[in-house]
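Asks: Give me a model of this one.
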Amino acid sequence: MPLGPFHSGNHAVIRETVMNLTAPAGDQPRETGFRGTLRRLTIAAALLALIGAAAPALAQSSLQKDATTCTTETSPADAAISACNWLIATRKLSPAMVGTIHFWRAVAYNKKGDYVRVIEDATASLKIDPSQVALYNLRGSAYYDRGEYDIAIADFNDAIRIGLPHQTILHNRGNAYRSKGDYTRAIADYDKAIALSPRDMPFSYQNRGASKQALGDLDGALTDINEAIRSNPKMPSAYINRSTLWRIKGEYDRAIADDDEAIRLAKSGITAPTLTPPGSWLINAHVTRGLAYEAKGDLAHARSDFNTALAMTAVDAGSKSSLATAKARLAVIAGADSAPVPPPAGDGARRIALVIGNGAYAAVSHLPNPPNDARTVAKGLRAIGFDVSEGIDLDRAAMEKLLREFMRSALTARTAVVFYAGHGVQINGQNYLLPIDIKTDTVSDLISGMTDVDTLLAGLDGQIRTNIIILDACRDNPLSKATEAANSGRSIQVRSGLAAPGALGAGATAGAGTLLAFATAPGQVALDGDGSSANSPFTTALVRHLATPGLEVQQMLTRVRAEVVASTNNKQVPWSNSSLLGEVFLAGKQ
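Replies: Down below sits the predicted model:
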């Protein structure tokens, strides 16, 4: 999925390590975050003077060289780390000097993305001098990159407590709140950061726009992105994200123009200060432009952009995710003509659903309830205003065709729900859904005959949409005996139940605005029912709560979980994983 602050995964952190925290902000894609420029502390010279005063015998040219290498921002990370290591190993420096060296070694480890060692060195330095605002900010940023948002916020709070409020730290704390889904607090911190330095915080405008978009304020998001571009017109990320907003609004030519500019900036090398490799922006912009062309109905140009992106090498987690999207979208439009998809209505307010129930398997165990489950869920979704595509007992060809049509239609939808009931398995950590004509003769038959959940998630570009994937697909391990014969000594591990999202591929794990719900916990088996009901325990509970007005979707799933646990005597515990960008009400608010 294309990058930019409109993805929850985009952990936008300005990493500012200088004592006065005055360096300009820089942009970095999700998973690794923003990084500010790293500047040499003014105490570097003082360190050399202290070394000479405290240990004149050591104050030789080689020692001075190591001290300079350790404490200079432009030093290569490995060289700086080696020099800092040597200085600490002398064991002849004062605690204050050791604390300073720990600071700079943390800076070097930060360049390498070794956040565990950043935290260790920052903590060691803070034990010696707990008044260092920059170190709380640096350590907080490292905790942020590790996904430990509450600890990051605590460090940013300490930085603000012991020093004057600073726009960089407020911005960083806002990013942590945003990653937690606390968009109100995030916006408040971005407001304060912008108020302190209205001309120098384009990334705060950009990320405030991300928070507004998550809350459904698309016009407010567009206003902020416009201001970010006005403040700094060299930000590829801002153009890519504005392209996304234009696509939501059906302004496809404007979307394409913004991606054109992002590509030009990335190729020119004149982008805003950032550690994001230009190749990452090129991949992201080509994929985003391809999505705009696809939504416009210009499939020839869409294919060209997707193929151009796929010819490049991913340089970070975000660009890997974009390539997964490009690959999936090419599969969606394979063989299609240039017939345009329906334009979005009401800023992409279309709500669509795909419901599949497979039970009439030929080569594996028959399941009586999935077709009934699918019909019941489809009826419930239509009753609350979803445009539903429904498939019962689908073979591989029919299942792939329906999935392609749905993913193409989803490009301009605001909410997309997928419900699948039937057999599902995990093979080598990947999740697959089984059509009714699955063949078990060979390993290649198994893999090629199934639907990869990663591909489904990658094809559902989540940048402008809420995706809710519900899988009642863990009835048993239908392939346990078949794979014993088919494996023939080859390495293939088929396990009961489905794998947790963390085990999915890059296209699945990096997406934002997505909720993935399982009928039971990862690796566990769900029940098909005891014969007293036409529906499984999970579907029975789901349909009971699906149409409740004012019930937020995650609250709804909590109620479903409680009901399933009770009805199965604790044998089945539904489970979900969410990267939703805001509250979602399937049946509307009260």
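Asks: For residue 113, grab the count of nearby residues.
Replies: When neighbours are counted by other CB atoms under 10 Å, residue 113 registers 15. Just so you know, the C-beta spots here come from the backbone N, C-alpha and C atoms, and that holds for glycine as well.
Asks: and what of residue 180?
Replies: Counted with other CB under 10 Å, residues neighbouring residue 180 total 15.
Asks: For the closest residue to it other than its chain neighbours, give me its contacts.
Replies: Closest residue in space to residue 180, ignoring its immediate chain neighbours: residue 149 at 5.0 Å, by CB to CB, 6 or more residues apart in numbering. Residue 149 makes contact with 143, 176-177, 179-180, according to CB atoms under 8 Å, 6 or more residues apart in numbering.
Asks: helix or strand right after the helix or strand of the chain with the lowest mean pLDDT?
Replies: Ranked by mean pLDDT, DSSP states H and E, the helix or strand of the chain with the weakest confidence is helix 506-509, at a mean of 34. Later in the chain than helix 506-509, the nearest helix or strand by DSSP states H and E is strand 514-518.
Asks: Show me which residues of that next one are buried.
Replies: The neighbour-count check on strand 514-518 (16 or more other CB atoms under 10 Å) flags 514-518 as buried.
Asks: Residue 167 touches residue 204, doesn't it?
Replies: Yes - using CB atoms under 8 Å, residue 167 is in contact with residue 204, at 7.2 Å.
Asks: Need the overlap of contacts for those two.
Replies: Shared contacts of residue 167 and residue 204 (CB under 8 Å, 6+ apart): 193-194.
Asks: Wasn't residue 388 part of a helix?
Replies: No - applying DSSP: H, G, I helix; E, B strand; the rest coil, one finds residue 388 to be strand, outside a helix.
Asks: List the contacts of it.
Replies: 352-355, 378, 381-382.
Asks: Weed out the non-buried ones from those.
Replies: The buried subset of the contacts of residue 388 (16+ other CB under 10 Å) comprises 352-355, 378, 381.
Asks: Take those and keep only those in helices.
Replies: Here DSSP state H is the test, and the buried ones among the contacts of residue 388 give 378, 381 as lying in helices.
Asks: want to throw the buried ones among the contacts of residue 388 into a markdown table with distance to residue 545 and pLDDT?
Replies: Output for the buried ones among the contacts of residue 388, formatted as a markdown table (distance: CB to CB, whole Å; pLDDT from 0 to 100):
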| residue | distance to residue 545 | pLDDT |
| --- | --- | --- |
| 352 | 21 | 94 |
| 353 | 16 | 96 |
| 354 | 20 | 96 |
| 355 | 17 | 97 |
| 378 | 16 | 97 |
| 381 | 13 | 96 |
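Asks: Can you redo the buried ones among the contacts of residue 388 as JSON lines, where the extra columns are distance to residue 336?
Replies: JSON lines is the format used below for those (distance: CB to CB, whole Å):
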{"residue": "352", "distance to residue 336": "18"}
{"residue": "353", "distance to residue 336": "22"}
{"residue": "354", "distance to residue 336": "18"}
{"residue": "355", "distance to residue 336": "23"}
{"residue": "378", "distance to residue 336": "25"}
{"residue": "381", "distance to residue 336": "26"}
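Asks: Most widely separated two among the buried ones among the contacts of residue 388?
Replies: The largest separation in those, counting by CB to CB, is between 352 and 378 at 12.0 Å.
Asks: Heading C-terminal from the helix or strand harbouring residue 160, find the next helix or strand.
Replies: Residue 160 belongs to helix 149-162 when assigned by DSSP H and E. The first helix or strand that comes after helix 149-162 along the chain, using DSSP H and E, is helix 167-180.
Asks: Who are the packing partners of the helix or strand following that following helix?
Replies: For helix 167-180, the succeeding helix or strand toward the C-terminus, using DSSP H and E, is helix 183-196. The elements that helix 183-196 packs onto, with contact taken as 3 or more CB pairs under 8 Å, 6 or more residues apart in numbering; DSSP states H and E, are helix 167-180, helix 202-214.
Asks: ok, 10 Å please
Replies: Here helix 183-196 touches helix 149-162, helix 167-180, helix 202-214, helix 218-231, going by 3 or more CB pairs under 10 Å, 6 or more residues apart in numbering; DSSP states H and E.
Asks: Going by neighbour count, list what's buried in the strand or helix carrying residue 401.
Replies: For residue 401, the enclosing helix or strand under DSSP H and E is helix 396-410. Along helix 396-410, these residues count as buried under the neighbour rule (16+ other CB under 10 Å): 396, 398-399, 402-404, 406-410.
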